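Colleague: Sequence and computational prediction follow.
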Amino acid sequence: MPQLSIALPAGYCSDDVFAFHGRDAQGVAEQVMPGRIRKGLMLGGVPVVLDVRLGSRAALCEVEADGALAPSALADLHDALLNILGLRIDPAPFLAFAEHDPLMAGITRRQRGLRIVQSATIFEALTWAIIGQQINLTFAIALRRTFIEQAGRRHSNGLWCYPEARQAAQLDPQQLTSRKFSRSKADTLLRLAQLADSGALPLARGDDIATVCAALLAVKGIGPWTVNYALLRGYGYADCSLHGDVAIRSALQRLLGEEVKPDMVRAEALLARYKPHRSMAAAHLWASLNPRAGD
């Protein structure tokens, strides 16, 4: 099986990476251990587990595939590894930009090692954004687990592999609605999967962002918040405006010392000052609501 190695930048902090991939305590498709992440995903119809071990200077990934991988798979695996390790967006430009910012300087100094961790694939990011619409994180994780078990495949080592559009498109809505999905959420998920599987909705990282946004917004059930969250978690776009996110507005309220959350219009204006680094601004605002130990 192939091995991949990726150099880690100086000062790389893995805490947020492990926290992101360890959100599901049941470890259905991800297993997090000290210095190690195991991630299951489907790749060209083949169940694959990435076994990633983090060293002081590099991450070494062993690829365990239940079948023959296409020649293009190595590039896809490298792409997924960059996402899993939060290496898509360089945090340094935003840190320099916000160093003397009256609103954000304090939290960015306390969170200097913070990185934006991406989902392994764009399809995973999009489906996670849809699953998480307007519900709390605990419930969203439970629904994600159901989606994986209904549409994914189990690797020979027991870990579930996150589905591709091809597998998800074959689901019947009742397979989800009978397990606590709302009908609208199930329909949106399957609509996205069917469009992606047919090629009517291309999901490629190099696509023009404006074109991507327009295509996603044309899908019934997908709105601006879902698009921006998917751009952040899937495409690694550095300038997503998450002004519609309730937690972002709560973090802004806390930093401003005000009694009520800013509305979406004001939140959008506040975030606009951090262009073209609004994705990192959002990450720091989220993290400020859950300070690390010792902060």
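Modeller: Looks like it came in fine.
Colleague: what bits of the chain have low per-residue confidence?
Modeller: Low-confidence segments of the chain (pLDDT under 70): 1, 291-295.
Colleague: Tell me how far His284 lies from Asp16.
Modeller: 11 Å (Cβ to Cβ, to the nearest Å). Heads up, the C-betas are built off the backbone N, CA and C, glycines and all.
Colleague: Mind listing the shared neighbours of those two?
Modeller: Taking Cβ atoms under 8 Å, 6 or more residues apart in numbering as the criterion, His284 and Asp16 both touch Leu114.
Colleague: Strands along the stretch 51-200 of the chain, start to end?
Modeller: 58-65, 153-154, 160-161 (DSSP state E, counting those that start in this stretch).
Colleague: Given the second one, what are its sheet partners and their directions?
Modeller: Take DSSP bridges as the rule and strand 153-154 pairs in its sheet with strand 160-161 (antiparallel).
Colleague: Check what contacts the strand it pairs with and list those residues.
Modeller: So strand 160-161 is contacted by 28-29, 40-42, 47-49, 148-149, 152-155 (Cβ under 8 Å, 6+ apart).
Colleague: do that again at 6 Å, thanks
Modeller: Outside strand 160-161, the residues that touch it by Cβ atoms under 6 Å, 6 or more residues apart in numbering are 28-29, 40-42, 47, 148, 152-155.
Colleague: Give me the subset of the residues you listed lying in helices.
Modeller: Ile148 (DSSP state H).
Colleague: most neighbours, which of the contacts of strand 160-161?
Modeller: Leu41 (30 neighbours; other Cβ atoms under 10 Å).
Colleague: Pull the contacting residues for it.
Modeller: So Leu41 contacts 48, 120, 161-162 (Cβ under 6 Å, 6+ apart).
Colleague: What is the nearest of the residues you listed to Val227?
Modeller: Ala120 (19.3 Å; Cβ to Cβ).
Colleague: separation between the closest one and Ala218?
Modeller: Taking Cβ to Cβ, one finds Ala120 at 25 Å from Ala218.
Colleague: Cheers, nothing more for now.
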